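Peer 1: Here is my input; please provide its structure:
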Amino acid sequence: MKRDVGAADRIIRIAAGLFLLFQAVINGHIWGYIGVVPLMTGSIGWCPLYSMLGISTVCGCSAGSCATKHEEGAL
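Peer 2: Below you'll find the model as predicted:
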């Protein structure tokens with residue numbers, strides 16, 4: 001499994017997952033248990049849907065600095 005969920009995406013997924021699970025447990029909303037999905041994908045950093053669609057929110061960062069790739073002639 002190649003990581004395809006970036007840091008900001010992971011934080012949002014984990015927060016949303018915890019919120020939905022909280023709603024399921026406290027208020028009894030059965031649909032809140034769907035919060036397990038974003039919680040797990042955020043925790044492991046891999047999303048099967050992203051993999052199928054070829055999407056990645058992971059930047060090419062190493063040691064705290066992101067490398068930017070510029071094509072010739074691009075602004």
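Peer 1: what residue ranges in the protein score low on pLDDT?
Peer 2: For the chain, the stretches flagged by pLDDT under 70 are 60-75.
Peer 1: All the helices of it, in order from the start?
Peer 2: With DSSP state H as the criterion, the chain has helices at 7-27, 36-44, 48-53.
Peer 1: wait, doesn't Gln23 sit right on His29?
Peer 2: Yes - assessed by C-beta atoms under 8 Å, Gln23 is found in contact with His29 at 5.0 Å. For the C-beta atoms, the positions are set from N, CA and C on the backbone; glycine is no exception.
Peer 1: Check the gap between Leu21 and Arg10 for me.
Peer 2: 16 Å (C-beta to C-beta, to the nearest Å).
Peer 1: Ser56 and Cys47, how far apart?
Peer 2: The value you get for Ser56 to Cys47, if C-beta to C-beta is used, is 9 Å.
Peer 1: So which of the two has more stuff around it?
Peer 2: Neighbour count, other C-beta atoms under 10 Å: between Ser56 and Cys47, Cys47 has more, with 24 against 15.
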